[in-house]
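> need a structure here:
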Amino acid sequence: MAIRFPEQRAGRGATVNDRPQRFGLPAREADGDWLDARTTLDGDPPPLRTTVTIEKPRTILARNRSPDVPFDRSINPYRGCEHGCIYCFARPTHAFHDLSPGLDFETRLFAKPDAADLLRRELAAPRYECRPIAFGTNTDPYQPIEGRYRITRACLEVLAETRHPLTITTKSDRVLSDIELLARMARDGLVAVAISVTSLDPRTARTLEPRAPHPERRLTAVRKLADAGIPAHVSIAPVVPQITDHEIEHLIERAAEAGAGSVSFIPVRLPHEVAPLFRAWLEAHHPDRAAKVMATIQSIRGGRDNDPNFGSRMRGQGPWAELIRTRVAIACRKHGLGRDRIQLRTDLFRPPVLPGTQMSLF
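From the prediction side, this is the model:
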């Protein structure tokens with residue numbers, strides 16, 4: 001029987017909303033007697049509403065030197081993500097704002113409407129060197145609020161104008177709203193899109209990633225992207241042992257049928273506050289196998305809930321990780337899918353001309 005948590009809300013991923021304590025902030029915990037009384041008198045808590053705060057960053061390009069990711073710069077139009085994926089490794093970033101990586105991460109979002117203007121200014125810098133920009137490396141660029149703010153779209157327009165390469169990773173078929181622009185860029189070898197599909201079981205997906213589009217809608221998006229000539233990749237991210245790993249072969253088969261050119265996977269990662277959030281989620285939704293799931297994850301992560309080391313953090317280690325790699329490799333060969341990185345062109349880039357500069361007179 002599933003366990004009900006006091007802060008659990010229908011349609012949300014996290015079952016708790018604990019405040020961060022990594023930065024020496026005082027812990028805040030609701031009184032247990034009050035929680036019992038609230039449930040008795042008021043019943044279930046009301047649905048949480050999503051709020052959006054406007055953020056004014058100084059720059060929009062985030063840089064990294066990680067040797068195990070295929071990009072050195074990225075754009076995150078939003079902080080937090082309404083998809084509510086319980087395993088999301090970006091959840092701890094909300095702790096920097098003294099917000100919970102739990103329900104706050106899913107409901108108290110930040111948007112950066114100046115992103116396109118900042119991007120144009122950074123691309124125009126004299127020493128800027130063109131390399132692919134990655135979208136979707138932290139939170140989803142096509143989460144529901146993109147429909148209102150269209151920040152991702154505005155950035156894509158700047159990149160299309162300057163013929164700058166980019167990659168997109170998303171769990172949403174909302175990417176299709178920009179398919180005409182992406183198709184034009186794809187004809188010049190400037191874009192590739194990865195769609196993340198974790199499970200084909202709607203019930204599993206509904207608890208793991210409650211506000212992400214249905215898995216079938218994501219596979220339909222893969223087909224439409226491929227038909228439009230846009231390199232489409234399927235990312236099985238993450239593979240959750242004892243929860244979704246039995247679907248690996250079927251996922252790869254469906255990816256091939258949808259027209260994906262390649263497939264990759266990442267074993268589930270549980271950094272910082274994600275580990276206790278994931279444990280609480282297991283107790284709420286899979287109490288019968290919670291201990292088994294965590295034991296398997298720890299076997300992949302060197303005996304810990306999480307392995308932060310470069311290289312192994314993306315691949316895992318030990319027999320379980322090797323078994324998953326072998327299964328993925330065999331299934332990809334069977335269905336003719338590659339695992340090579342798509343090479344995007346950088347030689348077509350032309351820096352933008354900023355209004356008021358000398359070149360804008362010509």
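> Can you show me the strands along the stretch 1-150 of the chain?
Secondary structure of the stretch 1-150 of the chain, counting by DSSP state E, counting those that start in this stretch: strands at 51-54, 62-63, 73-75, 78-79, 108-111, 133-135.
> Direction included, what does the last one pair up with?
The reference is to strand 133-135. Note on strand 133-135: by DSSP bridges, its sheet partners are strand 73-75 (parallel), strand 166-170 (parallel).
> ditto for the second one
Strand 62-63 has the following sheet partners, assigned by DSSP bridges: strand 73-75 (antiparallel).
> contacts for the strand it pairs with?
Residues from elsewhere that reach strand 73-75, judged by Cβ atoms under 8 Å, 6 or more residues apart in numbering: 60-64, 115, 119, 131-135, 137-138, 141, 155. The C-beta positions use only the backbone N, C-alpha and C, and glycine is treated the same way.
> try it again with 6 Å
For strand 73-75, the external contacting residues (Cβ atoms under 6 Å, 6 or more residues apart in numbering) are 60-63, 133-135, 137, 155.
> If we go by neighbour counts, what in the longest helix along the chain is buried?
Longest helix in the chain, counting residues (DSSP state H): helix 318-334. For helix 318-334, the neighbour count (16 or more other Cβ atoms under 10 Å) marks 320-321, 324, 327-328, 331-332 as buried.
> How about stretch 250-263?
For stretch 250-263, by 16+ other Cβ under 10 Å, it's 251-252, 254-256, 258, 260-263.
> now those as a markdown table including distance to Leu344?
Formatted as a markdown table, the buried residues of stretch 250-263 follow (distance: Cβ to Cβ, whole Å):
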| residue | distance to Leu344 |
| --- | --- |
| Leu251 | 25 |
| Ile252 | 24 |
| Arg254 | 26 |
| Ala255 | 21 |
| Ala256 | 23 |
| Ala258 | 22 |
| Ala260 | 17 |
| Gly261 | 14 |
| Ser262 | 14 |
| Val263 | 19 |
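> Just give me the closest of the residues you listed to Leu159.
Gly261 (21.4 Å; Cβ to Cβ).
> can you pull the contacts of the nearest residue to the closest one once chain neighbours are set aside?
Nearest non-adjacent residue to Gly261, counting by Cβ to Cβ, 6 or more residues apart in numbering: Pro231, 5.8 Å away. Pro231 makes contacts with 192, 261, 342, as judged by Cβ under 6 Å, 6+ apart.
> Also Tyr142?
Taking Cβ under 6 Å, 6+ apart as the test, what Tyr142 contacts is 170, 172, 174-175.
> As JSON lines, those residues with pLDDT, distance to Ala290 and neighbour count would be great.
Listed next are the contacts of Tyr142 as JSON lines, based on pLDDT from 0 to 100; distance: Cβ to Cβ, whole Å; neighbours: other Cβ atoms under 10 Å:
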{"residue": "Thr170", "pLDDT": "98", "distance to Ala290": "30", "neighbour count": "25"}
{"residue": "Ser172", "pLDDT": "98", "distance to Ala290": "29", "neighbour count": "24"}
{"residue": "Arg174", "pLDDT": "98", "distance to Ala290": "33", "neighbour count": "19"}
{"residue": "Val175", "pLDDT": "98", "distance to Ala290": "34", "neighbour count": "26"}
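> Noted, bye for now.
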